[in-house]
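[1] let's see this in three dimensions:
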Amino acid sequence: MGLPAFELLAPGSVEEAIRLLTKEGAVPLAGGTAIVPLLRQRLFTPSRLVSLHRLLALAEISPSDGGGLSIGAMASLRTIETHPLVRARYPLLAETLGQVANVRVRGGATLGGNLAHGDYRLDPPAALIALDARLRLGSARGVRALPVKDFFLGFFETAKQADEILLGVDLPAPAPRASSHYLKFTTHASADWPCVGVAVQLRWEASGKCEGGRVILTAAAPTPLDVQGVGEALRGTTVPEAAARKAGELAAEQIEPLGDAAGSAWYKREITPALVRRALLEAARRAPRRAG
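    Predicted coordinates for the structure are as follows:
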């Protein structure tokens with residue numbers, strides 16, 4: 001099925017794009033990997049699409065003040081995945097992005113478009129939340145910052161206002177001693193949506209004991225789920241089997257799974273404890289060597 005009729009606008013600056021988004025029926029267009037299928041199926045029929053492809057500044061990846069990293073919203077998932085600074089300093093993000101769909105899709109999909117879609121099955125939000133990332137959103141009212149964890153409000157619902165553009169993602173300086181892992185479990189092809197995805201970020205003391213950590217689940221609730229109590233369960237341990245199993249039990253108690261093509265709600269609830277345990281044990285295996 002062909003695309004419905006719409007007016008395509010191609011602003012040359014962020015300011016112009018923001019102005020055009022105040023027009024009735026205007027919607028931003030990034031990589032198009034999510035929005036174009038919706039257009040073809042007539043599930044989404046905006047009268048105007050504001051293309052962001054000419055906004056080259058929004059595709060930049062650069063160090064930020066305080067030792068962090070700024071990633072433009074128009075940077076492709078593949079560009080971020082393979083960027084030397086991302087791979088060296090934020091391996092969890094690189095590992096997660098490397099499991100999104102396939103290389104062709106990652107080459108066209110942008111980080112901003114991926115997040116703005118708001119799908120509860122997205123892989124990147126789990127890693128970004130585990131890394132305490134913040135979003136920058138721009139509108140005629142100015143620029144506001146928002147933690148990624150607060151961006152997803154409900155089933156396909158985000159905090160982005162209709163007249164806002166997602167400008168970029170800011171990552172804080174990485175922890176000096178950390179390890180991580182992203183475990184994506186699929187019931188079909190590896191490039192498919194996750195049945196459940198588990199992002200783990202652990203911090204370590206010089207003694208080799210766990211200082212704390214986070215476990216973020218995707219596809220296990222209407223929004224990414226930050227499992228509560230994990231840090232306390234792991235703190236002061238080397239993350240043995242028993243601690244990892246306890247974290248898995250905590251996750252199973254907190255998830256609100258939605259049945260979909262990848263698995264029923266019952267199935268997701270059954271497999272989540274084992275997935276969390278495996279992800280934690282792998283992250284612990286990658287822990288930096290004990291100082292001294």
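
[2] could you use CA atoms for every contact and neighbour count after this?
    Fine.

[3] from residue 108, how far off is residue 1?
    Summarising the geometry, the distance separating residue 1 from residue 108, computed by CA to CA, to the nearest Å, is 21 Å.

[4] quick one: which of those two has more around it?
    Applying other CA atoms under 10 Å to residue 1 and residue 108 shows that residue 108 carries more neighbours, namely 18 against 8.

[5] phi, psi for that one please.
    Its backbone dihedrals place residue 108 at phi -100, psi -30, with angles given as degrees, to the nearest 10.

[6] surely it touches residue 31?
    Yes - proximity of residue 108 to residue 31 meets the contact threshold set by CA atoms under 8 Å, at 5.5 Å.

[7] overlap of the contact sets of these two?
    Taking CA atoms under 8 Å, 6 or more residues apart in numbering as the criterion, residue 108 and residue 31 both touch residue 76.

[8] where does the stretch 151-292 of the chain dip in pLDDT?
    292 (pLDDT under 70).

[9] one more time with 80, if that's ok
    Counting by pLDDT under 80, the stretch 151-292 of the chain shows low-confidence ranges at 190, 291-292.

[10] what ranges do the helices span in it?
    In the stretch 151-292 of the chain, helices defined by DSSP state H, counting those that start in this stretch lie at 230-234, 241-254, 265-285, listed in chain order.

[11] got the buried residues for the longest one?
    By 16 or more other CA atoms under 10 Å, the buried positions in helix 265-285 come out as 265, 268-269, 272-284.

[12] widest-spaced pair of the residues you listed?
    Spatially, the most separated pair among the buried residues of helix 265-285 is 265 and 284, at 28.6 Å (CA to CA).

[13] got the contact list for the residue lying closest to residue 224 once chain neighbours are set aside?
    Distances taken as CA to CA, 6 or more residues apart in numbering place residue 218 nearest to residue 224, at 4.9 Å, with adjacent residues excluded. The neighbours of residue 218, taking CA under 8 Å, 6+ apart as the test, are 120, 121, 122, 123, 125, 126, 194, 196, 197, 198, 224, 225.

[14] perfect, that will be all.
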